[in-house]
Each structure stands twice: as C-alpha cells, then as structure tokens.
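Undergrad: 3D model of this:
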Amino acid sequence: MNAKRTVSVIDAFPLPVVLIGPDDRVRAANGAVDAILGPDLMGKHYITALRQPAVIAAIAEVRALRDPRTIRFTGREGARDTVFRVAVAAADGDIVLTFEDRTAAEDAGQMRRDFVANVSHELRTPLTALLGFIETLGGAARDDPEARDRFLDIMANEANRMTRLVDDLLSLSRVEEDERVRPRQHVDLSALLSSVIKGLEPQAQRAGVTVSLLQQDLAEKVPGDAGQLVQVFTNLVENAIKYGASGGDVTVSVSAPEMHQRIRSEAVQVSVIDKGDGIAEHHIARLTERFYRVDNHRSREVGGTGLGLAIVKHIINRHRGRLLIESELGKGTKISVFLPTS
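TA: Predicted coordinates:
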C-alpha cells in the first residue's frame, strides 16, 4: 500500500492511530492523534514522538517478539489529565498503535473509590463511638445512672447521624436513577414553598431566625416532582437557618416567569437568601460535591451529612433547571434555583 493510501485508510479510523515503519519512524498518523501527541509527527523517531518509557518498551518488545501488547498512556489536555489504553501490534514490517480514551472510565472508577472511602469514614466515627459507649455501659458505668443517661443520649445522637446518612445515600441513589426522566406533573410552587417554610418554623424559632416568603403572583404551575422539590427547598432553607443564623433573617423570594439566559427559556427563579457569615469564594464551586464541607466540625454539629447539595443538584438537573450559588464573607449567601415553566 502506498503512503498516500495508507494515510487515507488511517484517517478513516475513529480511534487515534499511529503507524511506525521498519525504520522506527512515524510513517502515518491520523488527525485524532494530534490532540494526544501534537502535530507534525511524520518522520519522527517513535522515541521522540511518544516519549513515555512504557510505550517505547512495548514497541521494542512487539518489534522483537511479534506478540501484541497493551499498555497505559497518560497525557494532558489543557488542565485535564487523560488516560489512554494503547494497543501495540505488528503488521508486516510496521508497528500499529491505537489509542482508546479511558479517561471517563478511570474518573468513574476513582469516583466510586472516593465514594466508598467517604462513606466508610462517615460511618466509622459514629460506629466507633457507639462501640466505645456500649463497652463502657457494660463495665464501669453499669451502676452509674448519671453517666448511663449521658452516654445513652450521645449514643442516640450518633445513631440518628448514621440514620440521616443512610437516608441521604438512598435518596441520592433514587434521584440519580430518575435524573434522565423529566417530571410530567405540575406543581403549585407558591403553595409548596409556604408548606416548606411552615414545616421549618420550629427549627427557625429554636435558631432565632425569621423566615419570610416574598413572591409575585404565579398564575401557572411549573412542571415538577412535588416530593423532590420539597426536598430541594427544605434543604436550602434548612441550610440557611443552620449556617446563616447569625444574620437572624432568611428570605425566600419567588419571581414571576421570565426569560433566563442560564437555561435559555422562560423560568421561575426561587432564591433563598441569608445574612449570615457567608462562604469563601474558593469553596463555592465544590459545594455540590458529595461529602464536601466548608467546615467539617460545624457541619457535623448541626447534623449535616455532606450530601444535601449533591441531592439538590441532581434533582434540579432532572427538572432541566439550574442552581446558582452566590456568597461573600460577612455578607451572607444567596442560592437561586431556576425552574423552566415548560
């Protein structure tokens, strides 16, 4: 096959392909390779073109033994690390390399490992506490009513903490499962928000916080899953009460439907605003990550599991909406939800 025909055939491949000739120089490469190895590979020695010892060693082995090899190739695309599985095989006097992008699969695997590690860590602390108190109650504190009552209260709190974590994990699993299915029901948002605020009144009173609802008349209902939207706004208002209590006021505002560029359609904007301590800018982009906390100690003290905003994000995605978090230290936090009206 002549050189022009070889390049034409390789260009038709959907995967990045590099062909190394008998002289150990790149004889052909398709356009998909440019993003991995850079342009102008033709004529370069494969050591100069590839630069990674594992790949270079695999080519030498295939050249000598004629047996195919598969190795891992790491690269970088902008600020993002990339991982490829490279198949190296002999074809007459040539060596053919094909690159399969495994970045997404590797990221998913890392996410699973991180998730298991985080869940294990979150459960280990209360379980260790429970086991310690059980051992103490079976020994030194068996006949001490005051110590027994104190330990039982702590054990109840730790058990409740584990229950909240398991409930949030199950909720996150259900939400992720339904995320691609858009809700078909329609929800009276004003009534739903009033109900959420009413339900959180006891918690707000204990924290010394006043929660106000400011809304314009909504003549129409919005598409949504009522149960999930209750979960969203309960979480947001509850967080505002817990973490913005120093400001004394929480406001829930609802706008009339209008065009919003964030979702490129007509939408209702619901904002939960507190006047508390605020959040440093470098935390904001990560707030919807699973188990991410701005202040671990404070979050656990108020019963946070680190999953609330992750659940909120997935629910809003299911509703084809958007979540916007704005905050400034010392000036409070504003979290807005944009829900399309159709």
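Undergrad: Please pull out the lowest mean pLDDT helix or strand from this protein.
TA: Ranked by mean pLDDT, DSSP states H and E, the weakest helix or strand in the chain is helix 296-301, scoring a mean of 58.
Undergrad: What separation do you get for Ile316 and Gly224?
TA: From Ile316 over to Gly224 the distance is 10 Å, taken as C-beta to C-beta, to the nearest Å. Heads up, the C-betas are built off the backbone N, CA and C, glycines and all.
Undergrad: Show me which of the two is the more surrounded one.
TA: In terms of neighbours (other C-beta atoms under 10 Å), Gly224 is the more surrounded of Ile316 and Gly224; the figures are 25 against 20.
Undergrad: my guess is that one meets Arg184, correct?
TA: No - with contacts counted by C-beta atoms under 8 Å, Gly224 stays clear of Arg184, the gap being 9.5 Å.
Undergrad: A strand includes Met259, no?
TA: Yes - counting by DSSP: H, G, I helix; E, B strand; the rest coil, Met259 is located in a strand.
Undergrad: For it, grab the count of nearby residues.
TA: Counted with other C-beta under 10 Å, the neighbours of Met259 add up to 9.
Undergrad: which residue ranges form the helices in this structure?
TA: 3-11, 34-37, 46-50, 53-65, 103-137, 145-178, 189-199, 201-207, 226-243, 281-284, 296-301, 308-318 (DSSP state H).
Undergrad: Report the mean confidence score over the third one.
TA: When you say that, I think you mean helix 46-50. Here helix 46-50 scores 91 as its mean pLDDT.
Undergrad: hey, C-alpha coordinates of that helix in CSV?
TA: Output in CSV follows, covering the C-alpha atoms of helix 46-50 (Å, rounded to 0.1, in the frame of the first residue of the first chain):
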residue,chain,number,x,y,z
TYR,A,46,9.0,6.9,17.7
ILE,A,47,11.1,7.6,20.9
THR,A,48,10.9,11.3,20.1
ALA,A,49,7.2,11.2,19.2
LEU,A,50,5.9,9.1,22.1
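Undergrad: quick one: low-confidence parts of the stretch 51-200 of the chain?
TA: 78-79 (pLDDT under 70).
Undergrad: cutoff 80 now
TA: The stretch 51-200 of the chain contains residues with pLDDT under 80 at 76-80, 111, 114, 121-122, 139-144.
Undergrad: same thing with the stretch 201-342 of the chain?
TA: Using pLDDT under 80, the stretch 201-342 of the chain drops low at 216-220, 247, 260-264, 293-305.
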